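> Predicted model, plus sequence, below.
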Amino acid sequence: MTRNGFGRPVFAEPPAATGWPPGARLCLDAAADAGRQFLALTRDLPVALSVHTVPRGPVSELLLPFTPLERGYVQEAPPGRRAQRLAQLWTRKEAALRLTGRGELAAADAIDALTGAREGKIVIPGSPAHPGRTAYVRDLPAGPQTVACAATSAPAPDVRFWRAHSPDGQAGAYGGPAAEADSARATDTATA
């Protein structure tokens, strides 16, 4: 295992259990939310993962890091769906920023996670310190009160997503067909 330029783990040879051909690079990222660990794997594309619990209560004060279009999208939803939409947009922005190495979450209000949603394309504007980049995001099923998103540098035909076993031994797989993978339970294999 090595690390790419942003410090993300990359396997030079994929484990045999993946079914991927020799020579393919296996890229991995991990994220945690409320004591739960999640993993995302892709083939030959760096991946960044963002996972968050859907907030409870009013969302109006949480709308600051969003564009006017995104704020409208959240506010036009029925009250019971606003927090879900807000969390979904936030995980898209965070995954894209993590992938591009910006890590500047204060710049989130300059990133539009809604306009290119159909193709998953998010444009990260350039700054004096960083060139502009593009990330391709994919929403992943993580549970009814949890949202997850993976970002890659190009459209990814295959993203594998797992929730790691909890310390108390409860796997708690969410959505999609589950399949064992070492110390994690696969919760989704998202394909384009």
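Arrived safely.

> The protein: strands as residue ranges?
2-3, 9-11, 26-33, 36-43, 47-53, 121-124, 133-141, 146-152, 158-164, 179-181, 184-191 (DSSP state E).

> List the buried residues for stretch 31-49?
31, 33, 36-49 (16 or more other C-beta atoms under 10 Å). Just so you know, the C-beta spots here come from the backbone N, C-alpha and C atoms, and that holds for glycine as well.

> For the closest residue to Leu45 other than its chain neighbours, give the beta-bridge partners.
Leaving out its chain neighbours, the residue that sits closest to Leu45 by C-beta to C-beta, 6 or more residues apart in numbering is Thr152, at 4.3 Å. With DSSP bridges applied, Thr152 shows beta-bridge pairing to Val47, Tyr136.

> My guess is Thr152 contacts Pro46. True?
Yes. Between Thr152 and Pro46 there is a contact under C-beta atoms under 8 Å: 6.7 Å.

> Show me the common contact partners of the two, please.
Leu99 (C-beta atoms under 8 Å, 6 or more residues apart in numbering).

> Can you tell me who Arg43 pairs with across the strands?
Leu26.

> related to what we said a few turns ago, for Ala77, which of the strands of the chain is the nearest?
When these are compared by C-beta to C-beta, strand 146-152 sits nearest Ala77, at 14.0 Å.

> Which stretch among the strands of the chain is buried most, on average?
With neighbours taken as mean count of other C-beta atoms under 10 Å, the strands of the chain reach their highest mean count in strand 146-152, at a mean of 28.

> What average pLDDT does it get?
Averaging pLDDT along strand 146-152 yields 91.

> Repeat that for stretch 33-52.
Stretch 33-52 shows a mean pLDDT of 84.

> Quote the end-to-end distance of that stretch.
Terminal residues of stretch 33-52 are spaced 6 Å apart (C-alpha to C-alpha, to the nearest Å).

> again with stretch 60-73
12 Å.

> Can you mark which positions in the helix ranked longest in the chain are buried?
Ranked by residue count under DSSP state H, the longest helix found in the chain is helix 79-100. The neighbour-count check on helix 79-100 (16+ other C-beta under 10 Å) flags 82-100 as buried.

> list the helices and strands that helix packs on?
strand 47-53, helix 68-75, strand 121-124, strand 133-141, strand 146-152 (3 or more C-beta pairs under 8 Å, 6 or more residues apart in numbering; DSSP states H and E).
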